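**Student:** generate coordinates for the sequence data below:
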Amino acid sequence: MRAAPGLRIGISQRLTMTPQLLESVRLLQHAGADLNRYVDEQLASNPLLDRAEPEHRDPKAEALDSWSDTGVVWARPSGGDASYTDDLEADQPDLRAHLAEQANIDLPPDDRVIADLLIDLVDANGYLAGFDPLEVAELSRTTVADVLRVLGQLQTFDPPGVCARSLAECLRLQLVFRESESPNMLLLLEHLDLVGEGAEDELCALVGVSIEDLRAMLTELRSLNPRPGLAFAGRREFLGAPDLVATPSADGWRIELNPACFPRIYADRAGYLAARAHPGGGTDAGSLARHWQEAAWLVRALRQRAQSVYRVASVLVRIQDDYVRHGASHRRPLSLRTVAGLVDLHESTVSRVVANKTMATPRGTVPLRSFFDRRLGSADGGAAHSPSAVRARIQALIDTEGPDRPPMSDQQIVGALAASGVQVARRTVAKYRRMMRIPSSTRRRQSNRPPTSRARRAQASAP
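**Tutor:** Sure thing, here's the model as predicted:
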């Protein structure tokens, strides 16, 4: 077939993000402190923006500098003491929640069942523990090829190196992320045992590089993280002032926005019209028009951000009423897709809305991300529960053990959960118990056994 130049006319649809649309997306996921810094920068560079309401307002500016149509409620301190502005700490979202959120956005619905099963196998270090592709395929009613394909997608998630099946694969995934997976480096990963022994001469012969190149490769290898999941394990996240305040009311909950985290600014339309009518002062018409467009856009973007956060938070509190009142053991399964359908937003928009946002509740300040949890199917097809709620109930049962109550076996825990309406399999209880680093009933019984004194041991060993 002979190739020749030519022209072709076609029609296609393509979404292009303008700079302002991209900036609006970034504003959604900003934390309160970052947003205030950004607004301060805009106030310093744009003379038509101000935090104070203009004295001489233009009637046409009502839609731009008025917040009366946001439909939100603003929290106000009472008596100079606002408990919701205290600096607090909360648990950082765990690795599984971080991976599940990415899966809900990046994977199609058919692949999320496989992804949920694989994410449940991820241990605290970020590795797949006890991974059997055939078992996962049977549980998800798919093929091994589909399981491996979804696993490949999960291995592209953040943090780099997650969902690896071995140390060599974890390091290789990080090299792929850095775009430095050279053939020599991949060959070096096949001989990590020699790297640990420091056998440089043997490695040079195997890889076919000089000692200088080998040491440079080893330096890059040591810069990788062999345990990418530890960044999410047992850490505390500094939250600062919460973005929202939830207080009980007669009809449910009252949601208020914290003004410290939602800056209100005004675009001075009257000043813009006056400056345009009387040019001078070193500002040309083009620059003035650009300042006005940026000011009007920022006011609208901040107002839309406040509306979106308020709408999403109101839905979260309504759905997770028991979680807000009673704690993690009462958390219901909730996905980004469910909330997105209720507030008429895209899943990715909801994800950005809840990012870096916190809510003050009667139980303390919690991240908005903590309102979401996966669905754990029951063993007999009954009502589904969230994994975190089941783990909290298992922990509560084990906390009741003591000298007068022997440790419960996994099967006994299954029975106790079933009595409270939670139907799960024994292997699920065993998996969650290992995740929470709780020993088996046998080891707990041994640790609770009172130590034998030295005199009693000597008496028992005497003839």
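**Student:** low pLDDT regions in the stretch 201-350 of the chain?
**Tutor:** By pLDDT under 70, the weakly predicted segments of the stretch 201-350 of the chain are 233-240, 279-283, 329.
**Student:** run through the strands of it in chain order.
**Tutor:** Assigned by DSSP state E, counting those that start in this stretch, the strands in the stretch 201-350 of the chain fall at 236-240, 244-249, 252-257, 266-267.
**Student:** partners of the second one in the sheet?
**Tutor:** Looking at strand 244-249 with DSSP bridges, its paired strands and their directions are strand 252-257 (antiparallel), strand 358-361 (parallel).
**Student:** now the ones you listed in TSV, please, with extra columns for distance to residue 276 and mean neighbour count.
**Tutor:** Every residue, glycine included, has its C-beta placed from N, CA and C. As requested, the strands paired with strand 244-249 are exported to TSV (distance: least, C-beta to C-beta, whole Å; neighbours: other C-beta atoms under 10 Å):
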stretch	distance to residue 276	mean neighbour count
strand 252-257	34	18
strand 358-361	42	24
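**Student:** wait, which of those strands is closest to residue 117?
**Tutor:** Ranking the strands paired with strand 244-249 by proximity to residue 117 (C-beta to C-beta) places strand 358-361 first, at 30.6 Å.
**Student:** what strands flank the next helix or strand after that closest one, and is each parallel or antiparallel?
**Tutor:** Sequence-wise, the next helix or strand downstream of strand 358-361 (DSSP states H and E) is strand 364-367. Using DSSP bridges, strand 364-367 pairs in its sheet with strand 358-361 (antiparallel).
**Student:** quick one: mean pLDDT for the partner strand?
**Tutor:** When pLDDT is averaged over strand 358-361, the result is 88.
**Student:** just the CA coordinates for it, please, in PDB.
**Tutor:** What follows is strand 358-361 as a C-alpha-only set of coordinates in PDB (Å, rounded to 0.1, in the frame of the first residue of the first chain):
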ATOM      1  CA  THR A 358     -13.100  18.800  58.400                       C
ATOM      2  CA  MET A 359     -16.300  19.000  60.400                       C
ATOM      3  CA  ALA A 360     -16.700  19.800  64.100                       C
ATOM      4  CA  THR A 361     -19.300  17.500  65.600                       C
END
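**Student:** what does stretch 147-160 contact?
**Tutor:** Stretch 147-160 has contacts (C-beta atoms under 8 Å, 6 or more residues apart in numbering) with 98-99, 102-103, 106-107, 111, 114-115, 118-119, 126, 128, 133, 136-137, 140, 162-164, 173-174, 177-178, 225, 228-229, 231.
**Student:** in CSV, list the strands paired with strand 244-249 along with distance to residue 147.
**Tutor:** Formatted as CSV, the strands paired with strand 244-249 follow (distance: least, C-beta to C-beta, whole Å):
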stretch, distance to residue 147
strand 252-257, 41
strand 358-361, 36
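**Student:** can you say which of those strands is nearest to residue 311?
**Tutor:** Nearest of the strands paired with strand 244-249 (C-beta to C-beta): strand 252-257, 9.5 Å.
**Student:** how far away from the center of its chain is that closest one?
**Tutor:** With C-alpha atoms, centre = their mean, to the nearest Å as the basis, strand 252-257 stands 23 Å off its chain's centre.
**Student:** how about stretch 115-130?
**Tutor:** Computed by C-alpha atoms, centre = their mean, the separation of stretch 115-130 from the middle of its chain amounts to 16 Å.
**Student:** for stretch 296-310, buried residues please.
**Tutor:** 296, 298, 299, 301, 302, 303, 305, 306, 307, 308, 309, 310 (16 or more other C-beta atoms under 10 Å).
**Student:** what's the answer for stretch 143-160, then?
**Tutor:** For stretch 143-160, the neighbour count (16+ other C-beta under 10 Å) marks 146, 147, 150, 151, 153, 154, 155, 157, 159, 160 as buried.
**Student:** just to confirm, which helix or strand has the second one in it?
**Tutor:** The secondary structure element spanning residue 147 is helix 144-154 (assigned by DSSP H and E).
**Student:** next helix or strand past that helix?
**Tutor:** By DSSP H and E, the next helix or strand past helix 144-154 is helix 167-178.
**Student:** and that next one, what other elements does it pack with?
**Tutor:** Packed against helix 167-178, as judged by 3 or more C-beta pairs under 8 Å, 6 or more residues apart in numbering; DSSP states H and E, are the following elements: helix 183-189, helix 192-197.
**Student:** and residue 24, which of those helices is closest to it?
**Tutor:** With respect to residue 24, and counting by C-beta to C-beta, the nearest of those is helix 183-189 at 40.6 Å.
**Student:** which other helices and strands does that closest one contact?
**Tutor:** By 3+ C-beta pairs under 8 Å, 6+ apart, helix 183-189 packs against helix 167-178, helix 200-207, helix 211-222.
**Student:** please identify the most buried of these.
**Tutor:** Greatest average neighbour count among those goes to helix 167-178 (a mean of 18), per mean count of other C-beta atoms under 10 Å.
**Student:** average pLDDT for that helix?
**Tutor:** Mean per-residue pLDDT for helix 167-178: 87.
**Student:** that one to helix 211-222, inter-axis angle?
**Tutor:** 90 degrees (axes from the mean of the first three to the mean of the last three C-alpha atoms, to 10 degrees).
**Student:** distance between helix 167-178 and the chain's centre?
**Tutor:** The answer for helix 167-178 is 22 Å, by C-alpha atoms, centre = their mean.
**Student:** now stretch 209-217
**Tutor:** Mean-position distance between stretch 209-217 and its chain equals 39 Å (C-alpha atoms, centre = their mean).
**Student:** hmm, who's touching it?
**Tutor:** 184, 185, 188, 200, 203, 204, 207.
**Student:** make CSV from the buried residues of stretch 143-160 and add pLDDT and distance to residue 40 to it.
**Tutor:** As requested, those are exported to CSV (pLDDT from 0 to 100; distance: C-beta to C-beta, whole Å):
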residue, pLDDT, distance to residue 40
146, 91, 50
147, 91, 50
150, 92, 44
151, 92, 45
153, 89, 40
154, 91, 39
155, 90, 40
157, 86, 34
159, 84, 32
160, 87, 34
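**Student:** go through the residues you listed and name the one nearest residue 397.
**Tutor:** Closest to residue 397, out of all of these and judged by C-beta to C-beta, is residue 154, at 31.7 Å.
**Student:** before we move on, back to that, pick the one among the buried residues of stretch 296-310 closest to residue 364.
**Tutor:** Distances from residue 364 to the buried residues of stretch 296-310, taken by C-beta to C-beta, are shortest for residue 309, at 19.5 Å.
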